[in-house]
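>>> Here is my input; please provide its structure:
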Amino acid sequence: MSEIIFKTKSDLAMEQLRDFRNRKLVETDWWILKGDPTDEQLEYRQKLRDITGSQTPILNENNDDGPRGVTWPTKP
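Okay, the predicted model is just below:
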């Protein structure tokens with residue numbers, strides 16, 4: 001028997017945050033793959049990984065720019 005799982009808007013906003021964060025990490029994977037990332041690049045990527053614990057996202061129903069209410073770190 002399968003279980004029905006209901007997600008709140010808060011749950012969906014956090015999923016949206018993770019998805020958008022993961023996209024930003026993928027965009028910068030080449031920094032790591034080239035083998036010599038700068039301290040600023042490493043710090044940016046760490047801030048992205050930490051963002052789920054430091055932000056309270058608001059679901060963006062258009063989902064075009066990620067969740068609302070999130071302050072993203074500045075990409076070096």
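
>>> And for residue 66, nearest residue in space, chain neighbours not counted?
Spatially, and ignoring its direct neighbours in sequence, residue 66 is nearest to residue 20 (3.3 Å; CB to CB, 6 or more residues apart in numbering). C-beta here means a position set from N, CA and C on the backbone, and glycine is covered the same way.

>>> Nearest to the spatial middle of the chain, which residue is it?
Nearest to the geometric centre of the chain sits residue 21, at 1.8 Å (CA atoms, centre = their mean).

>>> Cross-check the contact I'm expecting between that residue and residue 53.
No - with contact defined as CB atoms under 8 Å, residue 21 does not reach residue 53; the gap is 11.3 Å.

>>> And the helices in this structure?
Using DSSP state H, the helices assigned to the chain run over residues 9-27, 29-33, 39-54.

>>> Can you give me the pLDDT of residue 63?
At residue 63, the pLDDT value in this model is 68.

>>> which stretches of the chain have low pLDDT?
For the chain, residues meeting the criterion pLDDT under 70 lie at 1, 63.

>>> Mind listing residues that contact stretch 42-50?
21, 24, 25, 28, 31, 32, 37, 73, 74, 75, 76 (CB atoms under 8 Å, 6 or more residues apart in numbering).

>>> Neighbour-wise, which one of these leads?
Sorting the contacts of stretch 42-50 by how many neighbours each has (other CB atoms under 10 Å) puts residue 21 first, at 22 neighbours.

>>> give me every residue that touches it.
Residue 21 makes contacts with 48, 49, 51, 52, as judged by CB under 8 Å, 6+ apart.

>>> Next: residue 58.
13, 67, 68, 69.

>>> start to end distance for stretch 58-76?
26 Å (CA to CA, to the nearest Å).

>>> re the thing from before, among the contacts of residue 58, name the buried ones.
13, 67 (16 or more other CB atoms under 10 Å).
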